[in-house]
Structures are given as structure tokens and as C-alpha cells.
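> What shape does this take:
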Amino acid sequence: MSNQPKPDSKTYDDLISEIKKGIIKVPKFQRDFVWDIAKTASLLDSILKGYPIGTFILWETDQRINEIKNIGNLDLPDTPSGSSVQYVLDGQQRITSLFAAYLGAKIQKSGERKVTDYNDIVVNLADDLDENEDYIITVKGEATEFVSLHDVLHFDFEMSQRLAGIGYSNAQISKISRYSKAFSTYAFSTVTLRKNDIGSAIDVFTRINTGGKILTLFEIMSAKTFDEKANFDMQALWDEFQDKLKDRKYENISPTVILQLLSLLISETKECKRKTILTLEKTDIINTWASAISAIEHAIDYFRTVLRIPVSQLLPYDTLIVPFAYFYNITGKAPNGQQRKYLEELFWRSALSLRYSSATESKLAADIKRVDKIIAGERPTYGDVRLFISSADDLKETVFSTGNAICKSILCILAYQEPKDFHNNARILLDNSYLKIASSKNYHHFFPKAFLRKSENGNANSIVNITLVSADLNKNKIRSKAPSVYLEEFRDENPELTNALKTHLIDIQHSGVIQDDYSAFLKHRSEALYIEILKRIEPSSTSAPIDSVHELILEGEGQMIEFKSTMRYDMRTGEVNKKLEHVIAKTVAAFMNSAGGSLFIGVDDNQNAIGLEKDYTTLSKPDRDGFQLHLSNLLDKYLGKEVMKLWKLEWPIYDEKQICVVQVTAGNKPVYVTYEGKEEFFVRKEGSSQPLTRAEEHAWGQGRW
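Here you go, the predicted model:
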């Protein structure tokens, strides 16, 4: 019974002093600081009147867990080396409110512009504490005769002199002194838990917060695995990874994914149930973290480039990342053609069966066994997996919902086609923020619901009636018009309209859209979609084709990939612009001075195929041979012939248009761009070509050449 916590008390000064010294800390699994000054004023009023405000439960330990580093804009000090720390398990919002009030702090909550000034909490001097049940501690505007609470909490002889000097009466100063003493002598009830293991602390926190915040598994594991010496903070590392994924538009991945993957990789039983995750050793997690994160990154890139799922909002389940990441972690390389087929079959059978809607952990464990077979080159069986779409009619009857995994699967199939804009034939840019709810901007009912209501044709919200379009097209140009009307308008502006519609799996000639025949449209498009489903769940005997150029383009611009619409044709003026040739040269040089890379000419920043035709029109020999000759000459001119072996040209077809890829190898000495009589030095930094000064160049080259 010696470990049984005993009640104790602390004064206001004790609390503030221990926070300032870094002894009292708030663990990260607590809620953010959210109390406003009105609620804080009410708390302080209760203290002034001697009312109980509840007990602070503290956990005293030699361990270090991930903690809140600041309150608003107030940085909190580190715990002194060798000292025990007291983590707040209950009473965090009360204790942080008391701290902010004592300092008269200005707090700006994360993500908000508003700054809350705790100096606006005042003491009402017009009413008497002993005779009035109204609030004595209030906020500015609620009292006409008042003094700052901050002044009351810091009252001393010098303060009394200052207040007297600005007009406060002796009676008021006497009242302020009495109130100050009431605060300084108030005994805050505390209970300190002194068991050193974090499991006990988390158990206590969970039990006392049954009516409030329930800790997530990730929060528990983040606290349990925190290691100051190893600089391991799971929450901070995951947040950092999420920030990295923003450029890939996959920033909304649940942290459960990393816990499941870690458990499947570390546990002897290859399970990822909650109880298994909770028993994982901290050292094993720390040692496996980097490779697991890398594997998740590879899996996400696979989804983006091979499956062409451009944003995380379209993923049927975040859980689908886990088996693919497991594959990358175990093999350390991308799947071959046979493995790709089997992995994609696993993806689509899981998505179209609502597999991860329940009992996720046990199903994941079963699917990891399937991945082990795929790694061995075997095709798994799926006797326990029942698909919910077994015909085109099933698709017609599926009601569109952004939260339904089957609907998301269909949207993924539509995204795979890289749909084009009806209006200008540009690639549709999809964004997570435009895909959250059914009324979001990227979703369009091809037969508008308002039009179908007029024709009394039901089933308007079938998934088959959904297309992915640009936000502008959906809200500003189509509205409630019949397909025959708005398509006729677009035909005049877009000569490629027929091909654009094919990227939405719509055949303008045979799908009934010109006749505004909704039934014919549903029949035609549901059959087209079902054919695409069959391709994915019944892999053919031949290897899946690998279009490496297409996949590189879908990765988007980055450290080793750059897009340029043209070599010298100015898209804005319609004329030759030799400054664009300089840009081509500096990009190639930057790749040579860095780690190499690929420059795509004929592809714009949005990954649309522009082709080389516009550049051809500017050349004396208006064809590919003329383009090759001119590009070779300009690279020789700007970079010198001695670096010719560091670049080569490739001529792939992308989106039915000829493009040029300059494949660049890293050099073994500096490469300069000669421009207007000056030598320039460029490198790749943060996904772009950036110039360096001579001093910066010298630092860059240290140990490189």
C-alpha cells in the first residue's frame, strides 16, 4: 500500500513556480488549451471565493514522454536534467488557464488569427466579496470599477504605491490586498501518482477521462515510445511525414496505418490487433520506424503512379496502404510484372468487397499471408472474399456516396482514365478539399439532378451518373442543363470533345447523351465501368505493362523531375522566346550538378501533354529531326560539348502526343551555363533549379568533386 497516492495541496505560487521550472508538464495526449477568458475568469472567481475547483492528478516519474512544448505562444522550459517530472493527468485545462492568467499572457491558438489577451480578466471593485454573489472576477466591459487580475496576483508594496499614484483609493487598495492574499493562500488539491511505468499512468488517465477524451491507440503508443535520447517522438515524426505527403496530395492518411504495419513487421505472429500493438517493444518500433515510413511512401507513390489514384480522398480505405507497404518493406524493391497483377487484384477485391469495413485487423493478417504468396510469385485465392458488384446492373443500383468504399473504387477507376475537361480538353485536377462530400466541386452528375427532376426520371444519384470534372466547369458552365445542350456548347470550343468524353468512359455516339436518354446512358456507361472492374479482378496471363514514362510524369515535378511546356515557343505571345532556351539549359545543368534527373519537354506543370508541334513551327526543319538538332545545338552552346555524354534524348508518346525527355546523368565536376558572356552555376534544391554564388558553389562542392 506504500504506492497508494495520498492527497496533498499546492499554493498558486507553487503551481506557477513548478511550471516555470519545467517540473509540471502537460503530456501531448491531453487536449489542446481551449478555455476562453470568460471561463478562466469564472475559475478564478471560484478560487477567490474559496470554492473547490477539483483535484489535479499528477504523475511523477523519471521517464520522459512527448509533452506540450508551449501554451499558445508561451514556450515552456525543459525539465532540468536529473529531475523528476510531474505530468498532468487530470486538470490540464484548469492548470494552463491559471498559468495564462498569472502571466497575463496573450494566447493565439493554433490555426486561428484571434489573439486572446488574459490581461482582459479584471477584478470588479464595485462589489464586495462578502456581500455579493455576482462574479467578482470578470472580463473588461463587465465592470466599471476594476483592477487587472494580473495586478492583483502580483500585488506587493510597490504595486500598492503604483496603484495609489494612478488614483486608486485606500479602501480599494485594501480590498485588492485582501483578494491577493486569498489567491496566494488558496490550497489547490493535488494527488500525485508515483508509479514509474507509463502503462499505469495511461490507465489512470483513461479511467478518469471516461466522460471526456478517450486516448487513441496512436496517442498511447506515441507516449509509450517517446525516447528523448534517441530523439524519437512518434507524433512529431508522423506530423512531419504528413507534411511531406502534402505535395503528393496524400496528407490525410490515418496514423493507424503505421501502427498496423509496424505490428505486422515486428510481431512474431504477424498480427496487428490492438493488444498485439500495445505489447510491441519500444526499441523494435524505433529501429523499424524509418523503413516502415519509407515503405508507406513507396506504396503511396505506387497508388499515385501505377493505379493513378491522384489524391488520398479517393482511396477506398487507408488500410489498403498496409499490404503494399508490407510488400515494399519485405522485398526492398518495386513489384515485377507478375507481382503487380496480383497486388492489384488484392487491392480491387478488397475494395469492392467492403473488406475493411469491419474486423480490419484479422482481415489484414489474412491478407499479409496473401502478400507473402505474391512475393513468392504465387496468385492467392479469394474464397472468403465476396464482391458486392457482380454485374453492370449492380453498378446502376449503387447510390453515390463519398463515404462508401465501392463508390470510391469506381471513382478510382474513373481517375485512372485521367479524365479531360469537356470545355478545353485539359487534364482534370483533383484536390482533396474538392472531394470530401457528394456536393463537392470535382463531382458532377453527367445528367444533372435538376434536369432529371424535370423529366421525372429517377435514380439520378447512381454512381454511374457521376463524372470527375473541374470545379469551374461544374459550378459555372453546366449547372442544370441537359447533356445535349451543354455538350453542343462545348463542341464549338473543344474539337477534342469526343475523345475527352472517352476519358470519362462515355461514348457520345452510342450512349444516348445526344438524345438525353438517361436509361440508355446508364446502360452504356455501367457496362463500360463493369468491363474495367473485370480487368482488375481477373488478371490476364500476360504481364502487366509498365509505362515508366507515364509513371514518372504522374509523380509530378520534384528533385529529379521537371516539366517544360515548350523548348522555345512562348505559349503567352505565340512567338519565339530564347529566354526559354536558357531555362532548358539551366535545368539540365542543375541536374548535372546534383543527382541527375529527367526534363520533360512538351508537358505542362499540370501534367497535360502539350506535345512538340508548337516548337516545330518555329524551326526551319519543322519536325522531330529539326527539334533534336536545335536542342542539341543549344545544349552545346550553353553547356559545352564536353558534357555531351551526360545527356541523351528520348522520344516517348504521352497522351497521344510526341514529347521529348532529356535524361541527365550527374557530373563529376562543376557544369556552368554560359549566358550573355557570364558563367552561371545551378543546382537542384527543393524541386527547382536554383543559382548559387561562388561561395555557395564552393560549399556545395565540398566532398562532391
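> okay but Ala41 is in contact with Thr138, surely?
Yes: Ala41 lies in contact with Thr138 (C-beta atoms under 8 Å); the separation is 5.6 Å. Every residue, glycine included, has its C-beta placed from N, CA and C.
> list residues touching both of the two?
Residues touching both Ala41 and Thr138 (C-beta atoms under 8 Å, 6 or more residues apart in numbering): Ile121.
> On the three-state scheme, Ile57 is what?
When classified by DSSP: H, G, I helix; E, B strand; the rest coil, Ile57 comes out as strand.
> What residues are bridge-paired with it?
Counting by DSSP bridges, Ile57 is bridged to Asp90, Val191.
> mind listing what Leu354 touches?
Counted by C-beta under 8 Å, 6+ apart, Leu354 has contacts Phe388, Ala405, Ile406.
> Can I get the buried part of those residues as one PyMOL selection?
Only the buried members of the contacts of Leu354 enter the following PyMOL selection, criterion being 16 or more other C-beta atoms under 10 Å:
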select buried, resi 405+406
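> Sort out for me which of the contacts of Leu354 are in helices.
Judged by DSSP state H, the subset of the contacts of Leu354 located in helices is Ala405, Ile406.
> Show me which of the contacts of Leu354 is closest to Lys637.
Lys637 lies nearest to Ala405 out of those, by C-beta to C-beta, at 55.6 Å.
> from what I can see the closest one touches Ala351, true?
Yes: between Ala405 and Ala351 there is a contact under C-beta under 8 Å: 5.7 Å.
> Touching both of these two, which residues are there?
By the contact definition C-beta under 8 Å, 6+ apart, Ala405 and Ala351 are jointly contacted by Pro316, Tyr317.
> Tell me how far Gly141 lies from Ile37.
11 Å (C-beta to C-beta, to the nearest Å).
> Also Ile531?
63 Å.
> more crowded one of the two?
Using other C-beta atoms under 10 Å as the criterion, Ile531 and Ile37 rank with Ile37 on top: 23 against 11.
> what sits against the more buried one?
Ile37 makes contacts with Thr116, Asp117, Tyr118, Asp120, Ile121, Val139, as judged by C-beta under 8 Å, 6+ apart.
> Distance to Asp90, pLDDT and secondary structure for those - can I get that in TSV?
What follows is the contacts of Ile37, written out as TSV (distance: C-beta to C-beta, whole Å; pLDDT from 0 to 100; DSSP: H, G, I helix; E, B strand; the rest coil):
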residue	distance to Asp90	pLDDT	secondary structure
Thr116	24	85	strand
Asp117	28	89	strand
Tyr118	22	89	helix
Asp120	28	92	helix
Ile121	24	94	strand
Val139	27	92	strand
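> Buried ones among the residues you listed?
Among the contacts of Ile37, those buried by neighbour count (16+ other C-beta under 10 Å) are Thr116, Tyr118, Asp120, Ile121, Val139.
> Now the residue nearest the centre of the chain. Its backbone dihedrals?
Nearest to the mean C-alpha position of the chain, by C-alpha atoms, centre = their mean, lies Glu251 at 1.6 Å. Note on Glu251: its backbone torsions stand at phi -80, psi 0 [degrees, to the nearest 10].
> I'd say it and Glu240 touch.
No: using C-beta under 8 Å, Glu251 makes no contact with Glu240, being 11.5 Å away.
> For stretch 407-426, C-alpha coordinates in CSV please.
C-alpha atoms of stretch 407-426 as CSV (Å, rounded to 0.1, in the frame of the first residue of the first chain):
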residue,chain,number,x,y,z
CYS,A,407,-18.2,4.3,-54.8
LYS,A,408,-14.7,5.3,-54.1
SER,A,409,-13.5,2.3,-56.1
ILE,A,410,-15.5,3.4,-59.1
LEU,A,411,-14.1,6.9,-58.7
CYS,A,412,-10.6,5.5,-58.7
ILE,A,413,-11.4,3.7,-61.9
LEU,A,414,-12.6,7.0,-63.4
ALA,A,415,-9.5,8.8,-62.1
TYR,A,416,-7.3,6.1,-63.8
GLN,A,417,-8.6,7.2,-67.2
GLU,A,418,-7.1,10.7,-66.5
PRO,A,419,-10.3,12.4,-67.4
LYS,A,420,-10.2,15.5,-69.6
ASP,A,421,-12.2,18.7,-69.2
PHE,A,422,-15.2,18.9,-71.6
HIS,A,423,-14.5,22.6,-72.2
ASN,A,424,-10.8,22.8,-73.0
ASN,A,425,-9.5,19.2,-73.0
ALA,A,426,-7.1,19.9,-70.1
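> And it, what's buried?
407-416, 418-423, 425.
> and that stretch, average pLDDT?
Stretch 407-426 carries an average pLDDT of 92.
> So what sits opposite Thr61 in the bridge?
Taking DSSP bridges as the rule, Thr61 bridges to Val85.
> what sits against it?
Counting by C-beta under 8 Å, 6+ apart, Thr61 has contacts Ser84, Val85, Tyr87, Arg194, Asn196, Ile198, Ala201.
> how about a cut-off of 10 Å?
Counting by C-beta atoms under 10 Å, 6 or more residues apart in numbering, Thr61 touches Ser84, Val85, Gln86, Tyr87, Leu193, Arg194, Lys195, Asn196, Asp197, Ile198, Ser200, Ala201.
> residues in contact with Lys273?
Gln260, Ser263, Ser267, Thr279, Thr360, Glu361, Ser362, Leu364, Ala365.
> The last one sits in which helix or strand?
This means Ala365. helix 360-375 (DSSP states H and E).
> could I get the next helix or strand along the chain from that helix in PDB with only the CA atoms?
On the C-terminal side of helix 360-375, the closest following helix or strand by DSSP H and E is helix 392-396. Only the C-alpha atoms of helix 392-396 are listed here, as PDB (Å, rounded to 0.1, in the frame of the first residue of the first chain):
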ATOM      1  CA  ALA A 392     -23.400  -3.800 -64.700                       C
ATOM      2  CA  ASP A 393     -26.900  -3.700 -63.100                       C
ATOM      3  CA  ASP A 394     -25.300  -3.700 -59.600                       C
ATOM      4  CA  LEU A 395     -23.400  -0.600 -60.600                       C
ATOM      5  CA  LYS A 396     -26.600   1.200 -61.700                       C
END
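> Tell me which other helices or strands helix 392-396 touches.
For helix 392-396, the elements it packs on are helix 405-416, helix 518-537, judged by 3 or more C-beta pairs under 10 Å, 6 or more residues apart in numbering; DSSP states H and E.
> one more time with 6 Å, if that's ok
helix 518-537 (3 or more C-beta pairs under 6 Å, 6 or more residues apart in numbering; DSSP states H and E).
> by how many degrees do the helix it packs on and helix 405-416 diverge?
90 degrees (axes from the mean of the first three to the mean of the last three C-alpha atoms, to 10 degrees).
> By neighbour count, which bits of helix 518-537 are buried? Give me those.
The neighbour-count check on helix 518-537 (16+ other C-beta under 10 Å) flags 518, 521-530, 533, 536-537 as buried.
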